[in-house]
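[1] I'd like to go over a predicted model; first the sequence, then the structure.
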Amino acid sequence: MDKLRVLITWDQIAQKVTEMADRITHDFAGESVVLIGVLKGATIFLADLARQIKLDATFDFISVSSYGKASQHSGEVKLLKDVDQSVEGKNVILVEDILDTGLTLTYLKNIFLARQPRSFKIAVLLDKVPRRLQPIDVDYVGFEIPDEFVVGYGLDFAERYRNLPDVCVLESYSKPE
């Protein structure tokens, strides 16, 4: 049986998401934004964030692979699904569940900046600073967390635990079938 410990409660997440949305609403007052969620982990965060942003907002999604079924970053990032719309001349906010090594977000940032958006910002729910390999600036950060493997609120271990309302530390686990 897997052992989980709550790190951040759903109530804490909801409060922080509202604060982040208020900052985005202020920063882009009177403008429209395109929220681009990184599949699959950022889906719940993007949905909650979008509902709190008081602007004209559209969604799109991108998918990359860097972990597979492992708990450690492979060091290689691969594009699996690109966005469906052009971002040229638009205010783009890349929405990601967790900033860990920085490799994935650096890869995605380079892709989007090459497409000439009007502006490009990054919003992450969780920032795991101790694991950073690639420095990257993030515009909106929810929580800084320690170097522990976390699941819940969209984050997974081998596709499990995404549906948990809280962010939990996976302290021990049994191998998924």
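    Right, received. Where do you want to start?
[2] Please list the residues outside the longest helix anywhere in the chain that contact it.
    Secondary structure of the chain per DSSP state H: the longest helix is helix 10-27. Helix 10-27 is contacted by residues 33, 45, 48-49, 52-55, 93, 121, 123, 125, 140, 142-143, 153, 165-167 when judged by C-beta atoms under 8 Å, 6 or more residues apart in numbering. To be clear about C-beta, it is placed using only N, CA and C from the backbone, and glycine gets the same treatment.
[3] And the helix or strand just after it, what's buried?
    Using DSSP states H and E, the next helix or strand after helix 10-27 towards the C-terminus is strand 32-39. Neighbour-count burial for strand 32-39, counted by 16 or more other C-beta atoms under 10 Å, picks out V33, V34, L35, I36, G37, V38.
[4] Look up the closest residue to the last one, ignoring the ones flanking it.
    Think V38. Leaving aside its sequence neighbours, V38 sits nearest to E96 (C-beta to C-beta, 6 or more residues apart in numbering; 4.7 Å).
[5] since we're on G152, how many residues are nearby?
    Using other C-beta atoms under 10 Å, G152 has 24 other residues around it.
[6] residue contacts, the residue lying closest to it once chain neighbours are set aside?
    Leaving out its chain neighbours, the residue that sits closest to G152 by C-beta to C-beta, 6+ apart is L164, at 3.3 Å. By C-beta under 8 Å, 6+ apart, L164 lies in contact with L4, V151, G152, Y153.
[7] May I have the phi/psi pair for the third one?
    Which is G152. With angles defined as degrees, to the nearest 10, G152 sits at phi 100, psi 160.
[8] dump the residue contacts of it.
    Contacts here follow C-beta under 8 Å, 6+ apart; on that basis G152 touches L4, Y161, R162, N163, L164, P165, D166, V167, C168.
[9] Please check those residues and keep the buried ones.
    L4, Y161, R162, L164, D166, V167, C168.
[10] Mark which of the residues you listed are part of strands, please.
    Within those, residues falling in strands by DSSP state E are L4, V167, C168.
[11] Check the gap between the nearest residue to V167 once chain neighbours are set aside and I98 for me.
    Closest residue to V167 apart from its sequence neighbours, by C-beta to C-beta, 6+ apart: I8 at 4.2 Å. Distance from I8 to I98, counting by C-beta to C-beta, to the nearest Å: 12 Å.
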